[in-house]
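Below are the sequence and a predicted model; questions follow.
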Amino acid sequence: MSDVIMLFPKTGEDIGGSIAPPFSLLSAASLAYKNGYKIKIIDQRTDTKWNKTLYDEIKKSNPLFIGLTCMTGSQIMFALEMAKYAKSIIKVPIVWGGMHPTVMPIQTLKNEYVDIIVHREGEETTLELAEKIEKGKPLKDVKGIAFKENGRVVQNPLRSLLDINTLPDIPWELINVEDYISSSLYIEKGKRMLDIGETSRGCPFGCGFCCSSAVREYKWRPMKAKKAAEKIVNTVQRFNLDSIWIRDDNFFVDLKRSKEIFEMMIKEGLDIQWYTAGTRIDTFLQMNSNFIHTMKKSGASAFKFGAESGCNRILELINKGQTREDILAANRKALKYEIIPSYAFIGGFPTETIDELMMTIDLMIQLPKENPKAIIDSIGMFTPHPRTKLYDLALEHGLKPPTRLEDWASWSFFNEAQMTWFTEKEKKVLRNACDICIYSDNLIRALKTIKDPIERIIFLTVFTPLQKYYNYKWKNKKFGYDPFLRPIRFARKIFIDKSLKT
């Protein structure tokens, strides 16, 4: 019997080790769960019979409300699928949380499958919603929500950002954690890797394309070093992990705190390797040898760097705080200290030219030549997110944003339609380059982390020959017509991401 049912929709990028625990739901549920409410989490990515699970749970529970999380892009279509199905079974409020409802609350509420939206963080709001709905009280005093009432939209005041040191531990018992333990995408010897969540929230830097920092008011809120270290140690020991992913948007804002965490991990004798995303190039370049020695002793193995562009004009435009030369210097430093660098890039920024895009691709090709351990994670198409400076710049250059919730489903780095500043020919070059980059190396890394051995062998057998073909095309920048890309995109649309165009 559940008081609240929470749904995690597919994202369209759900392969093997890329499937992380549903932290947005685990966090939102934590206070309500601690206060005695019974929570059921259904993850569409791991439960192939999610609709039956949801039907059975609704019929036996009669929940107070059904919540789901959703970010801008492909996940919207899957979220609507789940919300529509829930609505067909029971007439209770459908509550949407996550990044997209936060940045587009009123438009989201206009959809018939949305009754309430939660702005920003959900821990306190979920608890208060459960209490109000259970007692039949009005929602007008619940901070951090917008809702429908008598045919109109009511938007309540925002809730203040939380002190994460006061929050309960992750309620791991609400999910089957083994579903999310896999081989690591970035750590070669990581066979039991788990994304353990965050030790801090937010980022104080102002990258022009990032709505996460804007929504969190450019504030960085860390767990105290002792609490963070205890979280890492307890999770590793509880689930017998050999590697972990630390999810923070920016783990290294305070290097003194980071070093304290490393020293506590070493003291506990953890024999693990760890990886974190969101590492800034300039911060890495500031780390001295003593810091790096301690960091590596704690198990540091791989970092993902937001390189973004190989063009200094674009790097300045997006307020990245780094240059092409800094990226190359960080690559050499990673080689020296035997840290695996993974790089993420973006193409198609407003005002970017095709020559500037090629400067980025040239850098992407150069980095592994200088450091054989370097991983080029991706080049994604620029996605204009509301609440960002580059979204406003995109509007100035002809961007026509969607007017309905469902139309945001195609708003991802797989869709070039939003790039009104590129010609159709330039869009095709960018799109082909993005796909060829993925198929030249990264898809194989992801396929190797699929748990089902038969499924893994089938996919690897099909895609390994293509990897060699696309590796050649990538290194030689052959981004024109390709006979295989259209059928591959069609298959991806059918089996992975329903929002994609072919």
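Ah, there it is.

Kindly format the C-alpha coordinates of the strand or helix carrying residue 302 as CSV.
Per DSSP states H and E, residue 302 falls inside strand 300-308. Only the C-alpha atoms of strand 300-308 are listed here, as CSV (Å, rounded to 0.1, in the frame of the first residue of the first chain):
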residue,chain,number,x,y,z
ALA,A,300,40.3,9.3,-8.4
SER,A,301,40.4,7.8,-11.8
ALA,A,302,38.5,9.8,-14.4
PHE,A,303,37.0,13.2,-14.7
LYS,A,304,34.5,14.6,-17.3
PHE,A,305,35.5,18.1,-18.5
GLY,A,306,33.1,20.5,-20.0
ALA,A,307,35.3,21.5,-22.9
GLU,A,308,32.4,22.8,-25.0
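
which is the next helix or strand following that strand?
Trace forward from strand 300-308 with DSSP H and E and the next one is helix 312-317.

and that following helix, average pLDDT?
Averaged across helix 312-317, pLDDT comes to 98.

Same check on stretch 204-222?
For stretch 204-222, the mean pLDDT works out to 90.

about what we covered before: which elements pack onto the strand holding residue 302?
strand 273-279, helix 281-286, helix 324-336, strand 340-347 (3 or more C-beta pairs under 8 Å, 6 or more residues apart in numbering; DSSP states H and E). (C-beta placed from N, C-alpha, C; glycine too.)

what's the offset of that strand from the middle of its chain?
15 Å (C-alpha atoms, centre = their mean, to the nearest Å).

tell me the average confidence for that strand?
Mean predicted lDDT for strand 300-308 stands at 95.

Residues touching that strand, excluding its own?
For strand 300-308, contacts defined as C-beta atoms under 8 Å, 6 or more residues apart in numbering pick out 186-187, 190, 207, 209, 243, 262, 273-281, 284, 292, 314-315, 318, 320, 322, 327, 330, 334, 339-346, 363, 375, 377.

could you dump the helices and strands packed on strand 300-308 to JSON lines with mean neighbour count, distance to residue 455 and mean pLDDT?
Shown next, in JSON lines, are the helices and strands packed on strand 300-308 (neighbours: other C-beta atoms under 10 Å; distance: least, C-beta to C-beta, whole Å; pLDDT from 0 to 100):
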{"stretch": "strand 273-279", "mean neighbour count": "23", "distance to residue 455": "24", "mean pLDDT": "92"}
{"stretch": "helix 281-286", "mean neighbour count": "18", "distance to residue 455": "37", "mean pLDDT": "97"}
{"stretch": "helix 324-336", "mean neighbour count": "18", "distance to residue 455": "33", "mean pLDDT": "98"}
{"stretch": "strand 340-347", "mean neighbour count": "24", "distance to residue 455": "25", "mean pLDDT": "96"}
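
Compile the ones you listed into a markdown table and extend it with columns for distance to residue 468.
Shown next, in a markdown table, are the helices and strands packed on strand 300-308 (distance: least, C-beta to C-beta, whole Å):
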| stretch | distance to residue 468 |
| --- | --- |
| strand 273-279 | 27 |
| helix 281-286 | 31 |
| helix 324-336 | 25 |
| strand 340-347 | 21 |
